[in-house]
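S.K.: Just a sequence and a predicted model for now, questions to come.
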Amino acid sequence: MKTLKNILLSVLLLAAYNTANAQCQIPIWASPSGPNVQFNWGYDSTNTLASWYWDFGDGDTSHSFNVEHTYAQSGVYNYCLHYTGTPCSGDTCGTVTVDVCDFNPYITYSGNYLTIAFEIYNPTAGASYSWTILDDSNNTLFTSTQPAPQFTFSGYNVYHVASVVVTLPNGCVDSSQTGFYVPNPCDAHVFHYNIDTAELAFYAWPQDSMGVTQFTYSWDFGDGTSDNTQNPTHNFGGYGTWNVCMIVTGPTCTDTVCESITLAPPPPPTPDCPSWIYLYPNGADVQFYGDLDSLNFASSFQWNFGDGNISNSPNPAHTYQSGSYIVCLNYTDSVCNVSICDSLTIDVCNFNPQFNYNTSGNTVTFAPTNPQSGSSYTWFFYSPNGALLDSSNLQNPQFTFPGYGSFPVALQVTLQNGCTDSSLTWIYFSNPCEAYISSYRIDSTSFQFYSFPFDSVNTNYLEFWRWNYRCKPRPGS
């Protein structure tokens, strides 16, 4: 049993060691470029390293964080990062293959018009060079053994290839090439905008915009006139199409840009014809509105109510029988000939009776909004909890409500044709004695109290009030 216990303990200790060792494994990597290799290691915020150093495998070391190292010989090297800290201490190693002759020379070039200078970025002292410049047909234009040769080309915007073979002092040889165009500093651009229907403003600039003072300009507007300024304005005197050309000339270059200019009269305005109608039914009565306010009333327009009746009023009203109708507004003038239609369903018994009322205290006088001859009225007055208080068959009754609160009032109207409809509203009476209080502490035992009723403008009518202090002290207060 003791032996089994010891075995289990050993397994647990080994697992803990392997786990801790895995957690302390810091990643490293190497990026070779010829004889130069960049070494980096990954930062881990859970590890605090007290010291470290790189061993490059060629006898050299470094205590830098991320470091570049140059090897003298080609080969495969074992490199390591040695580190100590909390909780990590250990070594992380890897291998890197170095080819000191794979240094990949990088070509750069800069120009002054047709003359271009070439060189190698970050050249090695004592190196020798063999330059070749080819044209777009792969013909050799120029060769040189200078570290930074120059060549003057015969024209612009032609594709060329520059190649170089570099031999280092240690005997390593590498090469590279790049393609390029010789940019035309006179490569021009033209822009214009309309000042009005016949006059335009023109702008021109060459590609080499830093040297605009070195260029001259010649404009041909295509109508027999010309101009020699850089940014002219020109009035063509009417409508038409012209081929406008601009020639820009520099010390060693020239360019021509042409564009077609067309001036045409503006299109006629879109006619502002009627586009909508609105229908507002109220029982048998319908109010109509049309999109006519901003139009010419001398023109012809007519409402067709869909029941055989018409109107020439801009916003007419019409009384219907129950049923479904198509209503149209027909409009005609010198540019418009439109018919705008909408459907309409009428229920003559859905007339939604409304009423007005005036209050004097809790006494209210009621009156229907649009009384109709021969109609009968029934009023119902309810309490806030919905109990019927009273009713009346008068057209304009008066009723005194008991107390305060929100009281429902219903009106039922029966027209002479037998149609019946009703409506309901609430009338609210506020309690002028509905009170509020506030207070603030004066000291540890005293308070200042304030009171005010809901009807604060009539506080002089209040005849009596009383404060009732029923307080239970809190422990320790």
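M.R.: Great, that's in hand.
S.K.: Every contact and neighbour count from this point should use C-alpha atoms.
M.R.: Noted.
S.K.: OK, contacts around Ser218?
M.R.: For Ser218, the contacting residues are 226-229, 246-248, by C-alpha atoms under 8 Å, 6 or more residues apart in numbering.
S.K.: Hmm, I typed the wrong one, I wanted Pro105.
M.R.: Taking C-alpha under 8 Å, 6+ apart as the test, what Pro105 contacts is 120-121, 123, 166, 174-176.
S.K.: most neighbours, which of those residues?
M.R.: With neighbours taken as other C-alpha atoms under 10 Å, the top of the contacts of Pro105 is Val166, carrying 24 neighbours.
S.K.: hey, what's that one bridged with?
M.R.: Tyr129, Asp174 (DSSP bridges).
S.K.: Can you list the helices and strands that the helix or strand hosting His318 packs against?
M.R.: In this assignment (DSSP states H and E), His318 forms part of strand 317-319. Judged by 3 or more C-alpha pairs under 8 Å, 6 or more residues apart in numbering; DSSP states H and E, strand 317-319 is in contact with strand 285-290.
S.K.: residue ranges of the helices in the protein, please?
M.R.: With DSSP state H, the ranges of helices along the chain come out as 2-23.
S.K.: Run through it and note the low-pLDDT ranges.
M.R.: 1-24, 43-47, 207-213, 293-299, 435-436, 440, 444, 450-477 (pLDDT under 70).
S.K.: How about Tyr320, nearest residue that isn't a chain neighbour?
M.R.: Ala284 (5.0 Å; C-alpha to C-alpha, 6 or more residues apart in numbering).
S.K.: neighbours of the one you found, just the number please.
M.R.: Ala284 has 18 neighbouring residues, counting by other C-alpha under 10 Å.
S.K.: Relative to Ser324, how far out is it?
M.R.: Applying C-alpha to C-alpha, to the nearest Å, the value for Ala284 to Ser324 is 12 Å.
S.K.: what is in contact with these two at once?
M.R.: Ile346.
S.K.: Go ahead and build a PyMOL selection from the buried members of the contacts of Ser218.
M.R.: Per 16 or more other C-alpha atoms under 10 Å, the buried members of those correspond to this PyMOL selection:
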select buried, resi 226+246+247+248
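S.K.: Nearest to Asn112 among the contacts of Ser218?
M.R.: Nearest to Asn112 out of these is Val248 (C-alpha to C-alpha; 18.1 Å).
S.K.: Show me what that closest one is bridged to.
M.R.: Here Val248, judged by DSSP bridges, has bridge partners Tyr217, Asp255.
S.K.: how far does stretch 155-173 sit from the chain's center?
M.R.: 49 Å (C-alpha atoms, centre = their mean, to the nearest Å).
S.K.: what about that stretch, start to end distance?
M.R.: 33 Å.
S.K.: could we number from 535 for the rest of this?
M.R.: Noted, 535 is the first residue going forward, which turns the last one into stretch 689-707.
S.K.: And it, what's buried?
M.R.: Those would be 690, 694-702, 707, for stretch 689-707 by 16+ other C-alpha under 10 Å.
S.K.: got JSON lines for the residues you listed, with distance to Asn896 too?
M.R.: Compiled in JSON lines, the buried residues of stretch 689-707 are given as follows (distance: C-alpha to C-alpha, whole Å):
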{"residue": "Tyr690", "distance to Asn896": "100"}
{"residue": "His694", "distance to Asn896": "103"}
{"residue": "Val695", "distance to Asn896": "103"}
{"residue": "Ala696", "distance to Asn896": "105"}
{"residue": "Ser697", "distance to Asn896": "106"}
{"residue": "Val698", "distance to Asn896": "108"}
{"residue": "Val699", "distance to Asn896": "110"}
{"residue": "Val700", "distance to Asn896": "110"}
{"residue": "Thr701", "distance to Asn896": "113"}
{"residue": "Leu702", "distance to Asn896": "112"}
{"residue": "Val707", "distance to Asn896": "112"}
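S.K.: of these, closest to Leu813?
M.R.: Of these, the one sitting nearest to Leu813 (C-alpha to C-alpha) turns out to be Tyr690, at 74.1 Å.
S.K.: measure the closest one to Thr649 for me?
M.R.: In terms of C-alpha to C-alpha, Tyr690 sits 11 Å off from Thr649.
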